[in-house]
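**Student:** Can you look at this prediction? I've put the sequence above it.
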Protein chains: 4
Amino acid sequence: MTVRVGVIGAGMIGQDHIRRLTDVVTGAQVTAVTDIDQARAAEVAARVGATVFPAGSDLIASPDVDAVLVTSWGPTHAEHVLNAIAAGKPVFCEKPLATTAEDCLRIVEAERAHGRRLVQVGFMRRFDAGYRQMKEVITSGSLGAPLIVHCAHRNPTVPESYTSVMAAQDTAVHEIDVLRWLLDDEIVSAQVITPRATSQRFGHLKDPQLMYFETANGVRIDLEVFVNCQYGYDIQCETVGEAGLVRLPDPAAVAVRTAGQHGTAVLQDWKGRFADAFDTEFREWVASVEAGTEPTGPSAWDGYAATVITDAAVRSLDSDGTVVTVDMKPRPALYGGTA
Amino acid sequence: MTVRVGVIGAGMIGQDHIRRLTDVVTGAQVTAVTDIDQARAAEVAARVGATVFPAGSDLIASPDVDAVLVTSWGPTHAEHVLNAIAAGKPVFCEKPLATTAEDCLRIVEAERAHGRRLVQVGFMRRFDAGYRQMKEVITSGSLGAPLIVHCAHRNPTVPESYTSVMAAQDTAVHEIDVLRWLLDDEIVSAQVITPRATSQRFGHLKDPQLMYFETANGVRIDLEVFVNCQYGYDIQCETVGEAGLVRLPDPAAVAVRTAGQHGTAVLQDWKGRFADAFDTEFREWVASVEAGTEPTGPSAWDGYAATVITDAAVRSLDSDGTVVTVDMKPRPALYGGTA
Amino acid sequence: MTVRVGVIGAGMIGQDHIRRLTDVVTGAQVTAVTDIDQARAAEVAARVGATVFPAGSDLIASPDVDAVLVTSWGPTHAEHVLNAIAAGKPVFCEKPLATTAEDCLRIVEAERAHGRRLVQVGFMRRFDAGYRQMKEVITSGSLGAPLIVHCAHRNPTVPESYTSVMAAQDTAVHEIDVLRWLLDDEIVSAQVITPRATSQRFGHLKDPQLMYFETANGVRIDLEVFVNCQYGYDIQCETVGEAGLVRLPDPAAVAVRTAGQHGTAVLQDWKGRFADAFDTEFREWVASVEAGTEPTGPSAWDGYAATVITDAAVRSLDSDGTVVTVDMKPRPALYGGTA
Amino acid sequence: MTVRVGVIGAGMIGQDHIRRLTDVVTGAQVTAVTDIDQARAAEVAARVGATVFPAGSDLIASPDVDAVLVTSWGPTHAEHVLNAIAAGKPVFCEKPLATTAEDCLRIVEAERAHGRRLVQVGFMRRFDAGYRQMKEVITSGSLGAPLIVHCAHRNPTVPESYTSVMAAQDTAVHEIDVLRWLLDDEIVSAQVITPRATSQRFGHLKDPQLMYFETANGVRIDLEVFVNCQYGYDIQCETVGEAGLVRLPDPAAVAVRTAGQHGTAVLQDWKGRFADAFDTEFREWVASVEAGTEPTGPSAWDGYAATVITDAAVRSLDSDGTVVTVDMKPRPALYGGTA
């Protein structure tokens, strides 16, 4: 059975996911589109033969929509996700799940009341082959308990609109999600330190930033976020355990020896780095919708946790690097917790 | 428009391609299946809702078949491909195009008479990201003219049924195709040398083998074929040009440091190594069928060339390593030649 | 002219340096030896044809001693170094220069009064080829200003006598010295964090430890010290600048592919890793003594700085990870400062 | 005891070895120098306080010379080595041992008559850490019997005086020696193939060349010699055995990420690549002379074998790539043989 997907938000990321559901992933069809800009919605819908809806609520209610994809403006996410839960329809929500911890909790509560998981949040790293290999190694126990994780998240440049808090909210949030999953552990405190800033940036921006996280099990994570590193898009992760370490590979690329150098190209953006992860993310999501099972990706709880932890990081940044305790509610049983 | 594919041959490779056309690649649907084992055909067809046909010729003639996929026993390839050409339908033929140079030529002649290219042969390496990067580097001219190519094609073990000539026919044939394309050059001679044989093999088999090829431009290729190398599936290729070299990467994999070793896992079979290449191969083939354009992959001429060159390699092996000149017809204009 | 060296302290490290001065480095001869254990002194001296002296002061005063090597027990270093300065003789002092900041300052003051530098402290990393290449890259300016340094100092296991404060005093002190030199910058604060401890250690030991340093220029350094990492001796250092990064290489070692793994051996102790650095350290020291020039290696001031900074790290460890400001005197002109 | 070395030939290589014996290696002293250019001999001798001798024979006869180093013009090597054997003095002879197989055999015969080995030939790769690690791995048997060796010997550029036969005589001869030792096997045939020549060279030169060797045990060696590869000095060697392979590492060098590239510098000449090997070569030679034991390095027999094998390669080059059988005498018992 083809899964009929309704898409709320036809901007850049929405269009890219529509392309993915149409051209890359089998088993899905985009049947409905809505956007605050109705002309854009119409244009995008026409390309894939979908119907345009005036609003998210209509789209969600449509009998031609089996599952909902939310790629609208962040502040509108919560409303659409809550509507989808109310309609009992699976919903894939691009990050963030909601812009406040309170709204995330409302979603968690609604899903809990519904009784089974309908929400998947769009953190794609859990679908990256490298992280999956790393998780296998960690889970195998061959390295003993994890003790330390060293990470770097580097990006060549950002536009002027990128602000200092986005280093946590938009950039580090990917590590926050994938590390909670990788370690099967919870982050309990966050700290953000600002080294000497690069001169290659807009004046208002603190870049790079060093983020330190502690987990419930005492694992320490250090994460360099450097969004104007100039040289390329570069994701590093190394987990140190009691008996050894495991490190993410660099993307495979031909090596060239010429002019006195042995070199390989560094990727220039996240698209090349995580294209396969995005594809796998949607392939598995569509499969879970088709099978009628709970989604395997990040849950509403994970979306809540990511928001609470990035909030803590932002508070640390705003208070000159104080260690900020993450104030997280007890995890409900629906998400593997005891509450 | 969905491309309706008829599949001739529902064995292991046929089933894998059916899975690919059904679950991985969008825009295609397997609508017809035939196999010499009708029960198997029925079972496979049932899984994907396809119709079973008694013979390849019926399947090709069906109005529900837009394009044909030939994955039957090698000696039957030529007949099916010729039928597809006669019907004016695009046909994807797994390697070999035909088991004799004569049959390959008959296909080339038929296609030439038809006036445009309908045939794509299933050499998937041209679709591998690493080889494509390498071709880009070579084509850019930054390394000057290519002079030498060093290759290795290693496989952990082979069953007893694998014979010495299969090293050229089934194994090296992949390098033969991809190197002709990579260098945009023709192979003019072949030589096969047998080093000391590994003791880790069946007695009848000469393994490893070293194959040396010369191209029309004077490029020298050395290829180690070692199908019982024990340690893994390992594909190496390095092209040396006048100003530098370019080397295929090893597949990306997490690195682990433990117990005194820094290590990465080596793949154990070709499936992991070329899964993406297979997917891309079919994605591009389906797109070309849908667009009504000539296929972008290996042509009938490439299938002929591969057969003629492997024939030369086999003759060299059979004559104790004599250098054997490749006896190739002039390339017709349809395939970029002047004949 | 052969430099005649008198050695104070004939223990393990003293004997290794005597071997180095005798068998590896040209231009030097060990002519005098003393040790608190006179029998050991006699035995070691006999091997190289040196004279035994009853005490360091006698040895230093000997007309057969051009330069002094102090490899005795740490708490005795200051006295011997001060005596050598008083005698106007070049002195190479193994780390630490002295066990207290006060004693280090006494040496600095004595040298300053003497008017030229006589003291070299035995931090050998400045003589390592990798660190030297890294310094060249940083100094070239091609990466812009350094912003962050990520380091790891891992050791397979330590004996029970190793205590938590030694992670800073004996282990991290090498990074402290080499990073001050690498960055040409001063460390102004230190912090020591204790992640979950490995279970592979003696109960009294906090291992691993994470050390964070800030420099006067705002560079942030993170250093993982893990002395029971089990898998090997592993030194990592990566300096991130405004336009790129530079990373220390792993030691060259043959790669082996076998049994499904591509692997290289990890060294098991510091001897293999820094043998060449030790040789170069002594080669350059002997050359400076022979030339009558000031030593090129770490100065008494560097020895003082290392002690003050490790003191700060120890205070941080003892106070649950508080950030401790390094309390350093102004740098005298003799050492490139303005005081 | 200091070994007193007399040096015959004070040209560039002679001076470099004199520097090594004087400044780098302990236990030796250059006490005598001679050169066809007496002024040069005088100048070089003055630098190290050595006596100048009018001719090699006088120098060899001098009671102040314990051991002889021959670094004169190749055609004069045999005479000096024979004189040293006649005088019963250890002699280190730079490659080649002699310029003809006949002269090499005369030396072998003389040494055999003398009854113990006095001669070491200057092939330094046996002292390189990477090759030594590789030999350890091969000898351990963990990879089973060696079957194939892939090598490359690349050099950025050569002057116009470099001729096509020098690719075997001066360049490949290093691989010829080290591979015989690495495999503990004898080369029985040689073949030289000339791919398309690089346009980056003088017109008379065939470059690159591919050399194929077969050993008595059936191992096949392919060696790319490319002396105008432009990009750097690059030595590659990979030995493939029945259960895996072992590959020489690239020299350790810092990695830099900048401007979209991850790169490491490639060495530009052999000095950097083999400096440590040269030092170890002389350190071990001096030690063997001092100990009065037979030298551990390449013997007169190895020098003979290298000459005979390069002769075969040259004959192959001169006869358009014919396979040329190596015509080697039976190995005398003095060199581990049975003759």
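**Tutor:** Yep, it's here.
**Student:** Starting from the helix or strand hosting A:Cys237, tell me which strands it pairs with and how they run.
**Tutor:** Assigned by DSSP states H and E, A:Cys237 belongs to strand A:234-241. Strand pairing for strand A:234-241, using DSSP bridges, gives strand A:146-154 (antiparallel), strand A:244-247 (antiparallel).
**Student:** got the ones you listed as TSV, with mean neighbour count columns?
**Tutor:** To be clear about C-beta, it is placed using only N, CA and C from the backbone, and glycine gets the same treatment. As requested, the strands paired with strand A:234-241 are exported to TSV (neighbours: other Cβ atoms under 10 Å in any protein chain shown):
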stretch	mean neighbour count
strand A:146-154	24
strand A:244-247	24
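**Student:** Dump those strands to a markdown table, plus distance to C:Pro96.
**Tutor:** Converted to a markdown table, the strands paired with strand A:234-241 look like this (distance: least, Cβ to Cβ, whole Å):
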| stretch | distance to C:Pro96 |
| --- | --- |
| strand A:146-154 | 27 |
| strand A:244-247 | 30 |
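**Student:** Contact partners for the residue lying closest to A:Arg220 once chain neighbours are set aside?
**Tutor:** Spatial nearest neighbour of A:Arg220, excluding adjacent residues (Cβ to Cβ, 6 or more residues apart in numbering or on different chains): C:Pro195 at 3.9 Å. Going by Cβ atoms under 8 Å, 6 or more residues apart in numbering or on different chains, C:Pro195 touches A:147-148, A:218-220, C:208-210.
**Student:** swap in A:Val240?
**Tutor:** A:146-150, C:208, C:224, C:226, C:229.
**Student:** With A:Thr76 instead?
**Tutor:** Contacts of A:Thr76 (Cβ under 8 Å, 6+ apart): A:8-9, A:56.
**Student:** same thing but at 7 Å, please
**Tutor:** Contacts for A:Thr76 (Cβ atoms under 7 Å, 6 or more residues apart in numbering or on different chains) come out as none.
**Student:** Quick check: beta-bridge partners of whichever residue of the stretch 101-250 of chain A sits closest to chain B?
**Tutor:** When scored by Cβ to the nearest Cβ, the stretch 101-250 of chain A has A:Gly244 as its residue closest to chain B, at 2.9 Å. Going by DSSP bridges, A:Gly244 is paired in beta bridges with A:Gly241, B:Thr258.
**Student:** quick one, what contacts it?
**Tutor:** Taking Cβ under 7 Å, 6+ apart, one finds A:143, B:256-258, C:230-231 in contact with A:Gly244.
**Student:** is any part of the strand or helix carrying A:Thr139 close to chain C?
**Tutor:** In this assignment (DSSP H and E), A:Thr139 forms part of helix A:129-140. No. Counting by Cβ under 7 Å from any Cβ of the partner chain, chain C has no neighbours in helix A:129-140; the shortest distance is 13.2 Å.
**Student:** That helix near chain B anywhere?
**Tutor:** Yes. Using Cβ under 7 Å from any Cβ, we find that helix A:129-140 touches chain B at A:130, A:133-134, A:137.
**Student:** related to what we said a few turns ago, can I get the strand holding A:Cys237 in PDB, CA atoms only?
**Tutor:** Output in PDB follows, covering the C-alpha atoms of strand A:234-241 (Å, rounded to 0.1, in the frame of the first residue of the first chain):
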ATOM      1  CA  ASP A 234      33.200  18.400   9.000                       C
ATOM      2  CA  ILE A 235      31.500  16.100  11.500                       C
ATOM      3  CA  GLN A 236      33.700  14.300  14.000                       C
ATOM      4  CA  CYS A 237      32.800  12.000  16.900                       C
ATOM      5  CA  GLU A 238      35.000   9.800  19.000                       C
ATOM      6  CA  THR A 239      33.700   7.700  21.900                       C
ATOM      7  CA  VAL A 240      36.200   6.600  24.500                       C
ATOM      8  CA  GLY A 241      35.400   3.600  26.500                       C
END
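**Student:** the inter-axis angle of that strand versus helix A:129-140?
**Tutor:** With axes from the mean of the first three to the mean of the last three Cα atoms, to 10 degrees defining the directions, strand A:234-241 sits at 10 degrees from helix A:129-140.
**Student:** so for strand A:234-241, what's the average pLDDT?
**Tutor:** Averaging pLDDT along strand A:234-241 yields 98.
**Student:** ok, and for that strand, which residues are buried?
**Tutor:** A:234-241 (16 or more other Cβ atoms under 10 Å in any protein chain shown).
**Student:** Out of those residues, which is nearest to chain D?
**Tutor:** Comparing these against chain D with Cβ to the nearest Cβ places A:Asp234 closest, at 7.0 Å.
**Student:** Is that closest one in contact with A:Val266, as I believe?
**Tutor:** Yes. Counting by Cβ atoms under 7 Å, A:Asp234 does reach A:Val266; the two are 6.1 Å apart.
**Student:** any common contacting residues for these two?
**Tutor:** D:Arg257.
**Student:** Please give me every residue in contact with the closest residue to chain D within the stretch 201-339 of chain A.
**Tutor:** When scored by Cβ to the nearest Cβ, the stretch 201-339 of chain A has A:Gly263 as its residue closest to chain D, at 3.7 Å. Counting by Cβ under 7 Å, 6+ apart, A:Gly263 touches A:256, D:261-263.
**Student:** Nearest to A:Val121 among those residues?
**Tutor:** D:His262 (32.3 Å; Cβ to Cβ).
**Student:** any idea which element the closest one lies in?
**Tutor:** strand D:261-265.
**Student:** now the angle from that strand to strand A:234-241?
**Tutor:** 70 degrees.
**Student:** tell me which residues in the next helix or strand after strand D:261-265 are buried?
**Tutor:** Tracing the chain past strand D:261-265, the next element assigned as helix or strand by DSSP H and E is helix D:270-291. Residues D:270, D:273-274, D:277-290 are the ones in helix D:270-291 that count as buried (16+ other Cβ under 10 Å).
**Student:** again with stretch A:326-339
**Tutor:** Across stretch A:326-339, burial judged by 16+ other Cβ under 10 Å covers A:326, A:328, A:331-332, A:334-335.
**Student:** May I have the secondary structure class of the residue nearest the centre of chain A?
**Tutor:** With distances taken as Cα atoms, centre = their mean, A:Phe123 lies nearest the centre of chain A, 2.3 Å away. Three-state call for A:Phe123 (DSSP: H, G, I helix; E, B strand; the rest coil): coil.
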